[in-house]
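Enquirer: Just to be clear, the model below is a prediction. Sequence and coordinates:
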Amino acid sequence: MSESYVPFPDAIHWFEFSSDVPPSVVDWLLEMGSMTRRFEQHCSTVSVTPQKECFIEHHQLSKEEAEQLPMSERYWLREIVLFGDDVPWLLGRTVIPLETLTGDDQALVDLGTLPLGRYLFSGNHLSRDYIHLGQQAKYWARRSRLRLSDKPLLLTEIFLPASPVYASGDDAVKPTTEK
Ligand SMILES: C=C(O[C@@H]1C=C(C(=O)O)C=C[C@H]1O)C(=O)O
């Protein structure tokens, strides 16, 4: 674990309707391809620093995460900071049930600084059940349940202020403060 570990924020407000989110932000949050690849269109180098990578037990999941994933003996947890040209752009938290870590997908526990998207989008076995849109304090967020060969994993991404998600310049892009 990085010596400057900052716990991944858990108080995310999830919107029921995407109409609660500015269209320019929705375009980013509903990105169906790799967010890593999309970020690469806005910088020279995308890099990832793992903050925490370990196995956790069911009781260590948030209540909401437990509702999105099947019961499992253990889950692989990966929390990262993603950088665009060395500027923090995104916090990522991925939770993977043990039953998803089969065959080649066991490689998911060895990603280290390799962006998760490089692995997920390298083959043709990836699907996405849904994307939920949300906000955590002043930051936009999204949560995806993905499937590798139909095996689930849950990915939560919080977009930091320096990321291009906020770059359209008008105030509408900033999350509203009212809940
Ligand atoms: C899932 C992707 O990978 C990105 C990299 C992550 C990681 O390395 O853990 C997590 C979230 C994503 O923003 C993607 O590129 O879509």
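Expert: Cool, got the structure.

Enquirer: residues near the nearest residue to A162 once chain neighbours are set aside, how many?
Expert: Counting by CB to CB, 6 or more residues apart in numbering, the nearest residue to A162 once its immediate chain neighbours are dropped is V87, at 4.8 Å. C-beta coordinates here come from the backbone N, C-alpha and C atoms, glycine included. V87: 11 surrounding residues under other CB atoms under 10 Å.

Enquirer: Show the model's pLDDT score for V87.
Expert: The model reports V87 with a pLDDT of 98.

Enquirer: my read: it touches P161, true?
Expert: No - counting by CB atoms under 8 Å, V87 sits too far from P161 to count as a contact (10.0 Å).

Enquirer: Tell me which stretches of this protein form helices.
Expert: Using DSSP state H, the helices of the chain run over residues 23-29, 35-40, 63-68, 116-120.

Enquirer: Please identify the buried residues of the second one?
Expert: Going by neighbour count (16 or more other CB atoms under 10 Å), the buried part of helix 35-40 is M35, T36, F39.

Enquirer: repeat for the last one
Expert: Of the residues in helix 116-120, those scored as buried under the neighbour-count criterion (16+ other CB under 10 Å) are L116, G117, Y119, L120.

Enquirer: For the second one, which residues are in contact?
Expert: Residues in contact with G117, defined by CB atoms under 8 Å, 6 or more residues apart in numbering, are S34, M35, T36, R37.

Enquirer: again, but for E57
Expert: With contacts defined as CB under 8 Å, 6+ apart, E57 is in contact with E73, R74, Y75.

Enquirer: for the ligand, what are the nearby residues on the chain?
Expert: Contact residues (CB under 6 Å from any ligand atom) of the chain with the ligand: 34-36, 48, 78, 80, 82, 90, 92, 94, 115-117, 120, 155, 157.

Enquirer: Pick the one among these closest to the ligand.
Expert: G117 (2.0 Å; CB to the nearest ligand atom).

Enquirer: Against G123, how distant is the closest one?
Expert: Going from G117 to G123 by CB to CB, to the nearest Å gives 12 Å.
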